[in-house]
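A.B. asks: below are the sequence and a predicted model for it; my questions follow.
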Amino acid sequence: MTASTDAPRVADRMGPPAWGAATSEPVVRQRHTRERWVSVLFLAPSILFLLITSVYPLLYSLWLSFHSWNMMLPNSRPIWYGLDNYRNLWESEAFRNSIRVTLIFVVSAVTIEFVLGMGLALLATSRIRAIGLIRTVLLVPLMMAPVVAGVLWRTLFHSTYGVVNWLLDLVGIAPQPWLGSPSQALPAVITVEIWQNLPVVAFVLAAGIQSLPVDLYKAAAVDGASSWQVFRRITLPMLRPVIIVVLLLRIMDAFKVFDIVFTMTYGGPGQTTELLSMLIYKTGLRFFQIGQASAMSWVFLIVIFIISLFFIRKLQQNE
Amino acid sequence: MSERAMSPAINYRLQRHLKTGLLYGITGLVLIIIAFPAYWLVTTSVKVGADQATYPPVIIPTRFTLESYEAVFQTAGVPRAFLNSTIIALATTALTTFFGSLAAYALAKTYLSFALRRAIMLWILITRIFPPITTAIPYYVLIKRLHLGDTYIAVILTYVAYGLPFVIWLMLGFFQDLPADIEKAAIVDGCSMWQRFRRVVLPLALPGLAVTAIFAFIYSWNELLYASMLTSFNAKTVPVVVAGFISDQYLRWGEMSALGTLMIIPVLIFSSLAQRYLVRGLTFGAVKG
């Protein structure tokens, strides 16, 4: 890595050799056993917390996924169900639909966020002096609670009184039903997701661009390279690690989206915006099919892990 | 000669000006689009009833009122929700930053074996990956069984669990930024590890700590999924109220906007304080800031 020595040092703590703390070597070797115990004490509360609140629930949900349990029935208990929950998933139309919706959601949202975010990052780092303004404006969607964003955009997309339809009307397009329409609801939800998380991409990429060495750009200017050439041949390749990081983060988070769908469409109309998180929520916490929902959760987890691993690999190759 | 040589120069400058103008234009347009929804939220909250849900929409209101805010606070449960949210967010922030920075300090030093530290870091990363919904079901069952439903404790415990990995990761970065010499001096002076942490390292990492606390606060202030699952009345937080608002009273845009505005104000104030470290916070899990 010749680039970024200051700002985003990519994946310093991900790869095996890149363990960041290695630079701050052990200070003094005496009293080591004592320090070790104190270290354990320092770590203990957090470890305990994480064990109780993340490891235990995960294992419990794995156990539940092999059981059938309708919590709505009073005094019901989980009954051994083998792999049937998973088999049901395989055949479930709702689940397959949900996977499809989730993939469409994640892929299109992250792609558009990336393209627009790159544009914004380039604008912010270009010669116009508006970084402060851009940063302030971008902070707003980023910090708005997703639940507020959801209800807010719901008013913007309102079929009768919404601003979106009003704008369309100004350019002579008939009002659209948006959230009430099976074909437009998902794009509307994706729009909100993009609006809210575009700043993440823009901020991180801008930080990455700013950390690139200036010399290269000077050399390119001397050679008379066009802006496109500079972007294509210098910025893009040099930014590769940052780009992978941003994609990884965005993909992981796009899979988690819940609040926006919950407030905007609740998965509807029909099941056209039923993301996996929404489907699991409904199955588990509305219909109380605990076993079925747990099985879904595990399939979901595994899929995300595979995708994340792919990107983490890519990152490590880069280092 | 002069004329011939001048014109390309003028041409070039003109082009440059045009390009700059174009850049400004595009930037302005994009910023307006991004900022508009927030503008809409705030203006709707101070519009009079007749201007709220109308067609054509009132983009620039001329009549202002605080009625929506009054109405929101007279809605049953809303003041309580703000109180709940504040208590829960503050408690979460205090607990996560305290325990998290302790753990981060232990991980930043090399007293523990490399393999152990690496395993813990890896685990923290993994918790970053999994979607909250995947642990929601077992959590719900667990809390129900412990009869902790609709209590502060249930919500706070959940948020601390979700906040810890983030805090540990962020604080680790801040601790590693500190020069090692200061600690060496403290060791020479005979400070114990706790003393070094409490009197040397923590004060030095105070800006980092503040930033981390801000992020932790924002997270728990905004969280919806677990709040809606674990609370119903006593511990109901603002996001749950906001989510409920629209489905029950669809066209009460003014009140909804007032609530939303009130909800984002503390976050905006805090986050503008932490702006400098934003990228660090955003890239949690993948980048050392």
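C.D. replies: All right, it came through fine.

A.B. asks: ok now stretch B:124-133, how far from the chain's centre?
C.D. replies: With CA atoms, centre = their mean, to the nearest Å as the basis, stretch B:124-133 stands 17 Å off its chain's centre.

A.B. asks: okay, that stretch in CSV with CA atoms only?
C.D. replies: Backbone C-alpha positions of stretch B:124-133 (Å, rounded to 0.1, in the frame of the first residue of the first chain) are rendered in CSV as follows:
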residue,chain,number,x,y,z
ILE,B,124,-16.7,-8.6,17.4
LEU,B,125,-16.5,-8.4,13.6
ILE,B,126,-18.9,-11.2,13.2
THR,B,127,-21.4,-9.5,15.5
ARG,B,128,-21.1,-6.6,13.1
ILE,B,129,-22.2,-8.7,10.3
PHE,B,130,-25.3,-10.4,11.6
PRO,B,131,-28.6,-8.6,11.1
PRO,B,132,-30.5,-7.8,14.4
ILE,B,133,-33.6,-9.6,13.2
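
A.B. asks: got the contact list for it?
C.D. replies: Residues outside stretch B:124-133 that contact it (CB atoms under 8 Å, 6 or more residues apart in numbering or on different chains): A:14, A:50, A:54, A:58, A:252, A:255-256, A:258, A:276-277, A:280-281, A:297, A:300-301, A:304-305, A:308, B:162, B:165-166, B:168-169, B:225-226, B:284-285. C-betas here are computed from N, CA, C, even on glycine.

A.B. asks: out of those residues, list just those in helices.
C.D. replies: Counting by DSSP state H, the part of the contacts of stretch B:124-133 found in helices is A:50, A:58, A:252, A:255-256, A:276-277, A:280-281, A:297, A:300-301, A:304-305, A:308, B:162, B:165-166, B:168-169, B:225-226.

A.B. asks: can you tell me which residue of chain B sits closest to chain A?
C.D. replies: B:Ala161 (3.2 Å; CB to the nearest CB).

A.B. asks: and that residue, how far from A:Leu51?
C.D. replies: 10 Å (CB to CB, to the nearest Å).

A.B. asks: ok, B:Val46 next?
C.D. replies: B:Val46 is 48 Å from A:Leu51, by CB to CB.

A.B. asks: so these two - more neighbours on which side?
C.D. replies: Counted by other CB atoms under 10 Å in any protein chain shown, B:Val46 and A:Leu51 do not tie: B:Val46 has more neighbours, with 19 against 12.

A.B. asks: nearest residue to that one other than its sequence neighbours?
C.D. replies: B:Phe64 (4.8 Å; CB to CB, 6 or more residues apart in numbering or on different chains).

A.B. asks: isn't that neighbour right next to B:Lys47, touching?
C.D. replies: Yes - applying CB atoms under 8 Å as the test, B:Phe64 and B:Lys47 come out as touching, 7.4 Å apart.

A.B. asks: between those two, which is the more surrounded one?
C.D. replies: It is B:Lys47, of B:Phe64 and B:Lys47, that has more neighbours when counted by other CB under 10 Å, with 22 against 12.

A.B. asks: spell out which parts of the stretch 201-319 of chain A neighbour chain B.
C.D. replies: A:203-204, A:207, A:245-246, A:248-249, A:252, A:255-256, A:258-259, A:262-263, A:266, A:276-277, A:280-281, A:284-285, A:290, A:293-294, A:297-298, A:300-301, A:304-305, A:308, A:315 (CB under 8 Å from any CB of the partner chain).

A.B. asks: for the stretch 101-250 of chain B, which spans come out with low pLDDT?
C.D. replies: For the stretch 101-250 of chain B, residues meeting the criterion pLDDT under 70 lie at B:246-250.

A.B. asks: mind listing what residue 141 touches?
C.D. replies: Reading this off chain A. A:Ala149, A:Trp195, A:Gln196, A:Asn197, A:Leu198, A:Pro199, B:Ile34, B:Pro37, B:Ala38.

A.B. asks: actually it's chain B I care about, not the one you picked
C.D. replies: Taking CB under 8 Å, 6+ apart as the test, what B:Val141 contacts is A:Tyr60, A:Leu64, A:Met71, A:Ile290.

A.B. asks: quick check: which element contains it?
C.D. replies: helix B:133-145 (DSSP states H and E).

A.B. asks: in that helix, what counts as buried?
C.D. replies: Buried residues in helix B:133-145, defined by neighbour count with 16 or more other CB atoms under 10 Å in any protein chain shown: B:Ile133, B:Thr134, B:Thr135, B:Ala136, B:Ile137, B:Pro138, B:Tyr139, B:Tyr140, B:Val141, B:Leu142, B:Ile143.

A.B. asks: with stretch A:257-272 instead?
C.D. replies: A:257-269, A:271-272.

A.B. asks: nearest residue to B:Asn222 in space, please, no chain neighbours.
C.D. replies: Once flanking residues are discounted, B:Asn222 sits nearest to A:Ala145: 3.8 Å by CB to CB, 6+ apart.

A.B. asks: got the phi/psi numbers for the one you found?
C.D. replies: Main-chain torsions, A:Ala145, degrees, to the nearest 10: phi -60, psi 130.

A.B. asks: repeat that for A:Pro78.
C.D. replies: phi -60, psi 130.

A.B. asks: neighbours around it, how many?
C.D. replies: 17.

A.B. asks: ok, now the one 5 residues further on?
C.D. replies: When neighbours are defined as other CB under 10 Å, A:Leu83 has 12 of them.

A.B. asks: check B:Ile129 too.
C.D. replies: Neighbour tally, B:Ile129, other CB under 10 Å: 21.

A.B. asks: in chain A, what residue is nearest chain B?
C.D. replies: Residue nearest to chain B within chain A: A:Thr53 (3.2 Å; CB to the nearest CB).

A.B. asks: I'd guessed that residue sits against B:Pro165; true?
C.D. replies: No - in this structure A:Thr53 lies outside contact range of B:Pro165 using CB under 8 Å: 10.7 Å.

A.B. asks: could you chop the chain up by domain?
C.D. replies: Since no chain was named, I'll use chain A. A:1-53, A:88-318 (automatic domain parsing).

A.B. asks: that was the other one, I meant chain B.
C.D. replies: B:3-65, B:70-275.

A.B. asks: I'd like these as CSV, with distance to A:Val107 appended.
C.D. replies: Listed next are these as CSV, based on distance: least, CB to CB, whole Å:
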stretch, distance to A:Val107
domain B:3-65, 22
domain B:70-275, 17
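
A.B. asks: tell me the most buried of these?
C.D. replies: The highest mean neighbour count among the domains of chain B, using mean count of other CB atoms under 10 Å in any protein chain shown, belongs to domain B:70-275: a mean of 20.

A.B. asks: dump the C-alpha coordinates for stretch A:63-77 into PDB.
C.D. replies: Extracted as PDB, the C-alpha positions of stretch A:63-77 are listed here (Å, rounded to 0.1, in the frame of the first residue of the first chain):
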ATOM      1  CA  TRP A  63     -31.900 -25.200  18.500                       C
ATOM      2  CA  LEU A  64     -35.300 -23.600  18.000                       C
ATOM      3  CA  SER A  65     -35.000 -24.000  14.200                       C
ATOM      4  CA  PHE A  66     -35.100 -27.800  14.700                       C
ATOM      5  CA  HIS A  67     -38.300 -27.500  16.600                       C
ATOM      6  CA  SER A  68     -41.900 -26.600  15.900                       C
ATOM      7  CA  TRP A  69     -43.400 -24.200  18.300                       C
ATOM      8  CA  ASN A  70     -46.400 -21.900  18.000                       C
ATOM      9  CA  MET A  71     -46.000 -19.600  20.900                       C
ATOM     10  CA  MET A  72     -49.500 -18.300  20.500                       C
ATOM     11  CA  LEU A  73     -51.000 -21.500  21.900                       C
ATOM     12  CA  PRO A  74     -51.000 -21.200  25.700                       C
ATOM     13  CA  ASN A  75     -48.600 -23.500  27.500                       C
ATOM     14  CA  SER A  76     -47.200 -24.800  24.200                       C
ATOM     15  CA  ARG A  77     -43.600 -26.100  24.100                       C
END
